[in-house]
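K.L.:
What follows is a predicted structure for the sequence shown.
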Amino acid sequence: MQIINLGRRSVLEEYRTKFLSLARQAIRRATNNVKAVNSVGDLLHNCRNCFQCFGILGGIGPSDNLRYVISVDKANDSMDVSGGNGFSLCYETGGITSSSKVYFSVRMRGNNLQCEYCYECSDCEYCFGCFALRNKKFCIFNKQYSEQDYWLMIDKIKVQMLKTGEYGEFFSLTISPFPYQDSDASIEFPLTKEEIIKNNWHWQDETKDGIDLSKFDVFKAIDVPDDIADVSDDILNKAFICEQTGKPFRITKFELDFYRAHKLPLPTIHPLQRIKDRFAFRHPYMLWQYACSNCGRTMLSAWDPARRYKVYCEDCYLKEVV
């Protein structure tokens, strides 16, 4: 490794190309599951009875009886949950910890119980439509009620929501505070601007950055030194133009020190684009029907058949690789 100068961009790209070529010929396991009993999904660890789940960590404890759940640890008896740990009996909720019976809610921290349509609440019980409450009980829209009045009001609200078809569903995408293209949805479920607008979802056209590049010494990709050893501190005063997007970006002192310490060349791609490019190496949250490249048996795989990888079923993989 020491005789290979990976600090030179041309050398690094040469070895990156060689590696990707080698990787295309590698035998891939259909799904990466460990101690996953009676379960369907990918990246499942220490779990049982999980269907269409992805990223069950199994680090702090086992998970059981989950459907359509991603990126959780020690979760039980829940469905349609994204992100969290230590929860049970939850439905259509994201970002939840140590809670039970929480529905249609987001970022519920601490020990919450029987909360619906809540956001950023901690250690609350029997709350509906509340935001950022702490250690509260029997609240509706952040207003305190007696236990008796709470249940009477909840009945009225839910009856009306059932009439309008709202109850039982997560917050509508029409009120999402995040533009589609700034969310994971744009990666997992790519849609066009026209499709987003047609559904009345949140689309935001890209705004111009307003940066006056005349104030900077502008570098194009071809101008960036090939070898990190040839880079001086003057580079911190320059603006780079991304070779993929044409957007300007700069290198910070922390970044420069990092590249020098690890003998890596300076990037020529905008940092946000670099993040997006990395998603190409991550498994999406879905499975495909795939014919085993060895025995031909049809199986469920986390690899897209369109990529034409060499994918083996579990039996063939264990015989050939393990």
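P.N.:
Sure thing, it's come through.

K.L.:
Check the burial of Phe131 by counting its neighbours.
P.N.:
Residues within reach of Phe131, counting by other C-beta atoms under 10 Å, total 13. For the C-beta atoms, the positions are set from N, CA and C on the backbone; glycine is no exception.

K.L.:
beta partners of the closest residue to it other than its chain neighbours?
P.N.:
Spatial nearest neighbour of Phe131, chain neighbours left out: Tyr119 (5.0 Å); criterion: C-beta to C-beta, 6 or more residues apart in numbering. Beta bridges link Tyr119 to Val106, Phe131 when assigned by DSSP bridges.

K.L.:
ok, Tyr119 - contacts?
P.N.:
Tyr119 is in contact with 105-107, 130-132, counting by C-beta atoms under 8 Å, 6 or more residues apart in numbering.

K.L.:
just Leu113 next, same as before
P.N.:
Residues counted as contacts of Leu113 (C-beta under 8 Å, 6+ apart) are 99-102, 124-126.

K.L.:
Quick check: the gap between it and Leu133.
P.N.:
13 Å (C-beta to C-beta, to the nearest Å).

K.L.:
same question, Lys276
P.N.:
36 Å.

K.L.:
about what we covered before: now list the buried members of the contacts of Leu113.
P.N.:
Using 16 or more other C-beta atoms under 10 Å as the burial test, the contacts of Leu113 include 99-102, 124-126 as buried.

K.L.:
quick revisit: same list (the contacts of Tyr119) but as a markdown table, adding distance to Ala36 and pLDDT.
P.N.:
Output for the contacts of Tyr119, formatted as a markdown table (distance: C-beta to C-beta, whole Å; pLDDT from 0 to 100):
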| residue | distance to Ala36 | pLDDT |
| --- | --- | --- |
| Ser105 | 27 | 97 |
| Val106 | 28 | 95 |
| Arg107 | 28 | 95 |
| Cys130 | 36 | 98 |
| Phe131 | 37 | 97 |
| Ala132 | 37 | 97 |
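
K.L.:
Which PyMOL command selects the buried ones in these?
P.N.:
A single PyMOL command suffices to select whichever of the contacts of Tyr119 are buried according to 16+ other C-beta under 10 Å:
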select buried, resi 105+106+107+130
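
K.L.:
what's the closest of the contacts of Tyr119 to Ser146?
P.N.:
Lowest distance from Ser146 to these (C-beta to C-beta) belongs to Cys130, with 16.2 Å.

K.L.:
Once you drop chain neighbours, what's closest to the closest one?
P.N.:
Nearest to Cys130 is Cys118, by C-beta to C-beta, 6+ apart, at 4.8 Å.

K.L.:
Next up, the contacts around the one you found.
P.N.:
Contacts of Cys118 (C-beta under 8 Å, 6+ apart): 102, 105-106, 108, 112, 124, 127-131, 133.
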